[in-house]
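Visitor: Okay, sequence plus prediction incoming.
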Amino acid sequence: MPNHRREFLKNIAGTVVAFTILPRHVLGRGHLAPSDQLTKGVIGTGIAGRQHLNDAGTRVTAICDVDRNKLGQAAALLDNKVKTFDDYRHLLLQKDIDIVHIATPPHWHSLMATEAAAAGKDIWCETPMTHTIAEGREVINAVQTYGRIFRLNMNHRLEGNFYGTHVPVKKLKKLTASGLLGWPLTITLGPQTGFGWPFQEMGLAKLPAQPVPATLNYDRWLGPAPYKPYHIDRIQHFQAYWDYGGGVLGETGQQYLDPVQFLLDKDETSPTEVTVEAPLQHPDVVGTWKKITFTYQDGCKIILDAEGNDANAPFISGPNGKLFPDFKSDLPDLEKQLANYPDPPLAVTDFVKAVKERQTFVTNEENGHRSCTLVNIGKIALQLGRSLQFDPEKQNFLFDEGANRLLNQPLRTTWK
Amino acid sequence: MRRSKLLILFIFYTFILIKGQAQPSSYASRIAMILQQMPSPNDSLKNISMKQLEKLGEPGLTALAMMTETGNLNVQYALHAYTGYVTAALQDSARKTAVKAYCKALKLVKTIPAKTFLINQLQLCGNDVAAVTIGPYLVQEQLCDAAARALIQIGGPVAKPTLVYALSKAKGNCRIALINAIGELRYLSGLDAVTALANTKDLRQRRAALMAIASLGNESSDSLLHAAAAKAGYVYDSSDATAAYILFAQRMAENWPQEPARVIAARLLKECRSHAQLPARIAAMQIMVTVRFSDANRILGDAAADADPAFRAAALRLAARNMNAANTSYWIDRVPREKGAVKAGMLLLLGESRQRATTRVIQAALEDSDRVVKTAAIKAAGMLGNTTMIASLVYEMNKADSSTIFLIRDVLLTMRSKMVASTAGISLQNKPPLMQIALLQVLAERKAEEMKSRVISLTESTNPAVRKEAEKTLKVLEDS
C-alpha cells in the first residue's frame, strides 16, 4: 500500500471538487454549498455572455449557444469542465444550476426568463429586459409566480459614475429627491450632457439570402422572431433590426434610462406621452432619430437628444435650478445645501447575496420592466412615426389601435 | 329622341372605358412620384406622402401593394408607413380602404416574401375582412406562422373560428401555430379541437396543446392538466405540463366562482413537498392568497414561518405587495411570537411598509440577542425612517461588530433629520474606535459644522485610525 495516502488525498480532492459545484438545494433546505458559490448556466456565449463566465460568487457549470463555434470558444475560456447545450431548455432542465444568465439577443429574453422562472432558476438578464411591453409583464408574472430573484444587468445604480455626468447615481438621486432643483424636472440625455447615441452600426434593408453556416442552428437563433432568410448581418448586428432589437435605443437606452427613471422617482410608473422626431422607418431595419421626448403625468420629462443641438442644455433642469455635468450648477453652495439631505434608501446591490438571502435585487423585474417600457414605447412611436398617449396603469396606448397592436407582438411558435 | 339617348349613352360608355384604360398609367405615375419621396426625412414630408397615398384609393393602393413583389425598398417604406398611418385614431375609412387593397393584392401576388409582407401589414391594420382573406394561408407551411400571428392580433368574431377550422385541416408546424393562436385568443369554442391533440405522441404538439388548454381556462380541463402535471412530478420538464397546470389555476382564479382554483391550489400545496417542487408550491400559495383574500394574512403569515427560506421569502414578497395600514397590525402581533430568520423576515416587511405603527416592535427588536434579528431590525428602522429611532441606533453601535456599525452608519445617513448629526456628535466621546470612525463619517457626510469642536477633540485620539478620520472630517467641515 505505498500509495495509500496519495490515493486517499486524490479521492478527497475529487470529493471537494464535486462539492464545490453542488447546487445549494442538494444540501437541503436553507443550506449553501460548501464553497458558498452559486452554480450558473450562461445562455448566449457572445460578447455579453463571455463577460459573465467568472462573476464573483458564482461558478459556471453549463453554457448554451446555437452557434457551435461560439460554444466551443466559450467552453475553452473556462477552467472547469462545463456542460454544453445548443438548446436552452436542456440547460434549464439541469438540476445543478441555481441561476441562469441570459445573454442572447433581446427577442429571446422574455421567453427564456419566464421558462427559467418556471424551472426554479434565479435570473440575471442582459438589457433591454424585453422586446415588447407585454413581454415585460409576463416576466414580472413568472418571476413573482415562482418566487424567483431577478437581476437586470445594469450597474449604474450600484457603482461608478453615471456616464458623462461624472457623478454617481446615488449623489444625483440625493439631489433630485432633495427638491433643491424644484419639481417637475427635465433630464436631457444627449452628447452635450454626456450621453452619446451612436448610430454607426445600421442594418441593411436589402439582404439577399445567404447559406446558413453549418455551425449555426439558425431556426433556433430566430426562435420566437418571424422567419427571415439568413444573412450574416442579422446575426452580427441584430440590434439593427426591429425583429430582434431596437437600434441604439434598444442597445443603450435602458442603460441610460434606468438610472434616470430612478432619479425622477418613476420606478413604479411610466410616461403618459411620447413624441418623436425621426425620419420614416423601414419595416425591417431600425433607422436613425433626432429626438424622443417622454413626458410623465406630473410634468417631468426625459429628452433623448441624439443630435445635441441645444449645446447648453443642462443634464437636469427644474424650476429652481439646473445641473450640468461634473455636478456644476447654477445653485450656490449646492454641495453644502445637499449635505443636510438624506441618502437614498439602502438597497440590495450584491446579486449573490440577494439570491442566497432571497431578497429583491436593486435592478429587478419591476423597475426593469418600467425602464424597458420607456425603450419599448419609444420604439413603437418610431415605428409608427407619431406621438402617442400612454396609460401607465393599464400599460396601453390611448385611442391608438395600431400602437396597441405593437404592445404585444405574437411570437413565432413553429421553432419549438 | 331615342337615338340621341343611345348616342349619349354610347359616348358616356366610351368615356368611362377610356378613363378606365387611362387609370393604370395615371396610378403608375402618381405612385412613382410618391416612391421618389421615400423614405420621408421628416414629419411634414411624411404627412404629405400619406395624404397622396390616401388619395390613390383602393385601386391605386392595390397597385402599390402588388409592387411588393419587386422587392423595391421604397415600396416597403411607403406601405409600412401607410399601414401605421391608417391605424391612428379617426382614420377608419382610410384603414378599411387599405385593408381591402392589401387583401386584393395578397390574393394576386405570387411570391412568399410579398405575401408575408402583406400579411404583416394586415397584422397591424387588419379587420374581419382581412381575417377571411388570410384564412387559407393558415394551412400553408411557409405562411401559416405569419398568418396565425396576424389573426391573433386581428382577433374578433371571424378570426377565431377561422383558426379552429384551419386546425382541422392543418399539419405539422401549422398545427402548432394554430394551437398556440387559439390559446392566445382564449377562444373557448376551440377547446375540443385542441384537447383532441393533447394526448398525441408528438411532444411538440402535446406541449402546445397543454399550454393552450391551460390558457383557455375551462374547468372541464382540470383532470387532463392535473394528470399531466402529476406525471411531470410538478417540476419543469420537456412537456411544460407543470407550467400549464399553474397557468390553468391562475386562469381559474380569474373566474367566478373561484372554488376550482382553491381546490387546485390546495392540491398543489399538499402534493408538492420536495425542494424541487418549490416553484409549484410558491405558485400555489399565491393562487391561494388570491382566491382566499380575506384570509390572506394568515396564509401568508404561516407561509412566512415555513421551514424553507425560499418559500418564506416568496410569502413575504407577496405580503409586501399587499401591505397597508389595515393588515400591518396582523404582522405587528405576529413578530413577537417568532424568532430567528422568520422574525427577521417579518421585521423587514414591517420596515418596508413604512407604517409608523410598526415603530415599537422594530425598536424592541433592536435589542434582540439574535444577530440576524438585530440586523433586520436595523435595516427595518432605516426603511421606516422614523427619527425617534436615531438614538437607539447610535446606542446599538456601542456593542456592535464592525459590519453592524457601518450598517448603522449607512442607515443613519438615509434619515432626514438634523438629529442625525447632533446625536452622532454628542455620542463621539469615549466610544469604541470603529464607532467613532463611523460617526465621524456621518458628520463629514452631513457637513455638520456645529460639531466641529467635538471633532477637534478626536484629532488627539490615541487611536491613529480615529485620529486620521477626525482630521479628514475636520477638513471637510472647514472646506464647507
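Guide: Great, that's in hand.

Visitor: Which strand or helix spans residue A:293?
Guide: Using DSSP states H and E, residue A:293 sits within strand A:291-295.

Visitor: and that strand, C-alpha only, in PDB?
Guide: The C-alpha trace of strand A:291-295 is given here as PDB (Å, rounded to 0.1, in the frame of the first residue of the first chain):
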ATOM      1  CA  LYS A 291     -35.200  63.400 -30.600                       C
ATOM      2  CA  ILE A 292     -37.500  61.300 -28.400                       C
ATOM      3  CA  THR A 293     -39.300  63.000 -25.500                       C
ATOM      4  CA  PHE A 294     -41.100  61.200 -22.700                       C
ATOM      5  CA  THR A 295     -43.500  63.200 -20.500                       C
END
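
Visitor: residue contacts, the nearest residue to residue A:164 once chain neighbours are set aside?
Guide: Leaving aside its sequence neighbours, residue A:164 sits nearest to residue A:194 (C-beta to C-beta, 6 or more residues apart in numbering or on different chains; 1.1 Å). C-beta here means a position set from N, CA and C on the backbone, and glycine is covered the same way. Residues in contact with residue A:194, defined by C-beta atoms under 8 Å, 6 or more residues apart in numbering or on different chains, are A:163-166, A:315, A:325.

Visitor: what about the residue of the stretch 51-200 of chain A found nearest chain B, neighbour count?
Guide: Closest residue of the stretch 51-200 of chain A to chain B, C-beta to the nearest C-beta: residue A:147 (3.1 Å). Residue A:147: 25 surrounding residues under other C-beta atoms under 10 Å in any protein chain shown.

Visitor: So it is in contact with residue B:309, correct?
Guide: No: Residue A:147 is beyond contact range of residue B:309, at 10.8 Å (criterion: C-beta atoms under 8 Å).

Visitor: Give the intersection of the neighbour lists for these two.
Guide: In contact with both residue A:147 and residue B:309: residue A:358, using C-beta under 8 Å, 6+ apart.

Visitor: so who does residue B:138 touch?
Guide: B:144, B:147-148, B:151, B:162-163, B:166, B:170, B:174, B:177-178.

Visitor: I misspoke; the intended subject was residue A:42.
Guide: A:49, A:52-53, A:60, A:62-64, A:74, A:100-101, A:103 are the contacts of residue A:42 under C-beta under 8 Å, 6+ apart.

Visitor: ok, whichever residue of the stretch 51-200 of chain B sits closest to chain A - contacts?
Guide: Using C-beta to the nearest C-beta, the single residue of the stretch 51-200 of chain B nearest to chain A is residue B:87, 2.5 Å away. Neighbouring residues of residue B:87 by C-beta under 8 Å, 6+ apart: A:384, A:400-403, A:405, B:95, B:124-125.

Visitor: Check residue A:264 too.
Guide: By C-beta under 8 Å, 6+ apart, the neighbours of residue A:264 are A:176, A:185, A:187, A:296, A:300, A:302.

Visitor: separation between it and chain B?
Guide: 19 Å (C-beta to the nearest C-beta, to the nearest Å).

Visitor: I'd like the distance between that residue and residue A:36.
Guide: 38 Å (C-beta to C-beta, to the nearest Å).

Visitor: Also residue B:336?
Guide: For residue B:336, the distance to residue A:36 - C-beta to C-beta - is 32 Å.

Visitor: Same question for residue A:383.
Guide: Noted for residue A:383: a distance of 47 Å to residue A:36, by C-beta to C-beta.

Visitor: If you count surrounding residues, which of these two has more?
Guide: residue A:383 (24 against 11).

Visitor: Next, that one: secondary structure please.
Guide: Reducing the assignment at residue A:383 to three states with DSSP: H, G, I helix; E, B strand; the rest coil gives helix.

Visitor: ok, and for stretch A:200-213, which residues are buried?
Guide: A:203, A:205, A:207, A:212 (16 or more other C-beta atoms under 10 Å in any protein chain shown).

Visitor: same check, this time on stretch B:373-388
Guide: B:373-386.

Visitor: Same check on stretch B:160-179?
Guide: B:160, B:162-167, B:170, B:173-179.

Visitor: Please list which of the buried residues of stretch A:200-213 are also close to chain B.
Guide: Checked against chain B using C-beta under 8 Å from any C-beta of the partner chain, the buried residues of stretch A:200-213 yield the following neighbours: residue A:205.
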